[in-house]
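Visitor: just to be clear, the model below is a prediction. Sequence and coordinates:
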Amino acid sequence: MDKEDLARRVNPDQAMLGELLDRYGQDVWNYAYFLVKHRAMADDIAQDTFIQAYRHFSGFRQEASVKTWLLRIARNVSFNYRNAAFFRKALLMDIVSPRQPGRSAEQDYLAREAMSEIWRCVMDLPVKLRETLVLHAKYELSVAEIADLQRIPEGTVKSRLFAARRRMAFLLKEDDEDVQA
């Protein structure tokens, strides 16, 4: 009997929590960060999300995937944090992109700058557009899943995606023109 089997027999809920953390922890943290733009808050939100999931797992009705359910919890926790007074005091945006082997320093720099510029534009979007775009592009959720997660009609999701893409094209074109001038 290995440690995982022992953990499941001693406390099956704790083992389930560990599996959720391993499988979805990074997705939940990233999503929280996209919503609040603050690393420490994203840490707190991710932790609170999994605490809520642990406490309410018996109420999970499996109408959506576990990932969608966790992202919905993270969204609700994020909104609670964003509405709190301390959120308004400080925001931090620090985007890190990993270095890929085999690239020159110049290629690495240019790729990092391009990625940073894209993420700066994403983070400049209004939260409703940013959230919808990130759920679709980063987390690859369908329009129906996003609508379910955000509790809005599918048509609203489609219009937010359209508006986000249009705004991103404008922001990136504007930045490109600034560089060329």
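Guide: Received, thanks.

Visitor: where does the protein have low pLDDT?
Guide: 1-13, 83-103, 110, 175-181 (pLDDT under 70).

Visitor: state the number of residues packed around Ala169.
Guide: 11 (other Cβ atoms under 10 Å). Placement of C-beta: from N, CA and C, glycine included.

Visitor: which of the helices or strands spans it?
Guide: Ala169 belongs to helix 154-180 when assigned by DSSP states H and E.

Visitor: show me how far that helix is from its chain's centre.
Guide: Its chain's C-alpha centre and that of helix 154-180 lie 19 Å apart, by Cα atoms, centre = their mean, to the nearest Å.

Visitor: which strand or helix spans the spatially most central residue of the chain?
Guide: Geometric centre of the chain, nearest residue: Tyr31, 1.3 Å, by Cα atoms, centre = their mean. Per DSSP H and E, Tyr31 falls inside helix 12-36.

Visitor: can you list contacts of that helix?
Guide: Residues from elsewhere that reach helix 12-36 (Cβ atoms under 8 Å, 6 or more residues apart in numbering): 4, 7-8, 39, 41-43, 45-46, 49-50, 53-54, 57, 66-67, 70-71, 74-75, 77-79, 81-82, 87, 91, 122-123, 127, 130-131, 134-135, 138-139.

Visitor: which other helices and strands contact whichever helix or strand comes after it?
Guide: Moving toward the C-terminus from helix 12-36, the first helix or strand encountered (DSSP H and E) is helix 39-56. Counting contacts by 3 or more Cβ pairs under 8 Å, 6 or more residues apart in numbering; DSSP states H and E, helix 39-56 is packed against helix 12-36, helix 66-83.
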